[in-house]
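Asks: here's my sequence, what's the structure:
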Amino acid sequence: MNEALHWNVGPELLRIGGFALRWYGLLFAAGFLIGFEIMRRIYRAEGKPEKDLDQLLLWLMAGTVIGARLGHTLIYEPAYYLAHPLKILAVWEGGLASHGGALGVLLAVWLYCRSRPDQPWLWLLDRLSIPVALTGAFIRVGNLFNSEILGSPASVPWAIVFERVDAVPRHPVQLYEALAYLVICLVLLALYRREGAASPRGRLFGLFLVGVFGARFLLEFFKLPQAAWEAGLPLSVGQWLSLPLIAAGAWLLARARRSDSTVAPR
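Replies: Next comes the predicted model:
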């Protein structure tokens, strides 16, 4: 068997006194900032008010963090957090769930769109799919720096030993997901650049749901269980939660296929 790669990079980029800049936080913020620039160009190209993006960014950040935190605490460690409810607020201690973050984003975008009839919910979700997929890739690299969301033991040549955890070579599943999300981002960007405002409503978001959560479903087979209570289940919690999102994406794709791709921007 080939000798595994070893990973012993600390989660902190630098520390000044009591302040620590962590790789995860830096990558999380970078995803939002690059995503903001992508959306700024989209808004400019489609004649939407760029000033609205400041409010959209705030809604998205709040929806992502609150949804992801509640998703983790209520799905993966409910017993602990129900016994220690104030710990739910301790986001700095780690613990964010992507499925909860996805639901938080959906709600945040809906709230944002209520007062902006020129930016309908599904129209905006189509376009947000591009930077959200990119941010997901960045977050998974952040998980790598944290030595978390570990893969199952592996003997493949690219297996990694996370020295801060144990001496077992594992699938670098964080990098698998990061690469998958990056590819999805590039596909969505290429489709948007080809179709622009004429893209059938729901196509990009549907492809995002099928691609991201389809990849998540498959890659769960290479992960260690994220919740103690899921042991013995035929599928992991992440897989069960991915199935309705994949189904919703497939429905949106079928709906978009039936629509006229030449309809003027709505």
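Asks: show the backbone phi and psi for residue 21.
Replies: phi -90, psi 110 (degrees, to the nearest 10).
Asks: please list all residues in contact with it.
Replies: 12, 13, 14, 15 (Cβ atoms under 8 Å, 6 or more residues apart in numbering). C-beta here means a position set from N, CA and C on the backbone, and glycine is covered the same way.
Asks: most neighbours, which of the residues you listed?
Replies: The most crowded member of the contacts of residue 21, judged by other Cβ atoms under 10 Å, is residue 13 (15 neighbours).
Asks: let me know the pLDDT of that residue.
Replies: pLDDT, residue 13: 88.
Asks: go ahead and confirm it touches residue 27.
Replies: No - using Cβ atoms under 8 Å, residue 13 is not in contact with residue 27; the gap is 10.0 Å.
Asks: what touches both of the two?
Replies: Common neighbours of residue 13 and residue 27 (Cβ under 8 Å, 6+ apart) do not exist.
Asks: among the contacts of residue 21, which are located in strands?
Replies: 12, 13, 14, 15 (DSSP state E).
Asks: list the residues that contact the last one.
Replies: Residue 15 sits next to residue 21 when contact means Cβ under 8 Å, 6+ apart.
Asks: next: the first one.
Replies: Counting by Cβ under 8 Å, 6+ apart, residue 12 makes contact with 20, 21, 22, 23.
Asks: distance of the last one from residue 175?
Replies: So that's residue 23. Distance, residue 23 to residue 175, using Cβ to Cβ, to the nearest Å: 14 Å.
Asks: so how many other residues sit close to residue 45?
Replies: Neighbour tally, residue 45, other Cβ under 10 Å: 12.
Asks: not counting its neighbours along the chain, what's nearest it?
Replies: Among residues not flanking residue 45 along the chain, residue 196 sits closest, at 7.2 Å (Cβ to Cβ, 6 or more residues apart in numbering).
Asks: let me know whether that neighbour touches residue 42 as I believe.
Replies: No - using Cβ under 8 Å, residue 196 is not in contact with residue 42, being 9.2 Å away.
Asks: if you count what's nearby, which of the two comes out ahead?
Replies: The neighbour comparison of residue 196 against residue 42 (other Cβ under 10 Å) goes to residue 42, with 21 against 12.
Asks: do you know the pLDDT at residue 239?
Replies: 91.
Asks: from the chain's centroid, how far away is the one helix or strand it maps to?
Replies: Element membership of residue 239 [criterion: DSSP states H and E] is helix 237-258. Distance of helix 237-258 from the chain centroid (Cα atoms, centre = their mean, to the nearest Å) equals 16 Å.
Asks: in it, what's buried?
Replies: By neighbour count with 16 or more other Cβ atoms under 10 Å, helix 237-258 contains the buried residues 237-242, 245-246, 248-249, 252-253, 256.
Asks: ok, those residues vs residue 144, which is closest?
Replies: residue 238 (17.5 Å; Cβ to Cβ).
Asks: how near is the closest one to residue 25?
Replies: Taken as Cβ to Cβ, the span from residue 238 to residue 25 is 23 Å.
Asks: do residue 14 as well
Replies: Taking Cβ to Cβ, one finds residue 14 at 12 Å from residue 25.
Asks: kindly report the same for residue 140.
Replies: According to Cβ to Cβ, residue 140 and residue 25 sit 14 Å apart.
Asks: and the helices in the chain?
Replies: 23-45, 52-71, 78-83, 98-113, 121-145, 173-195, 203-219, 237-258 (DSSP state H).
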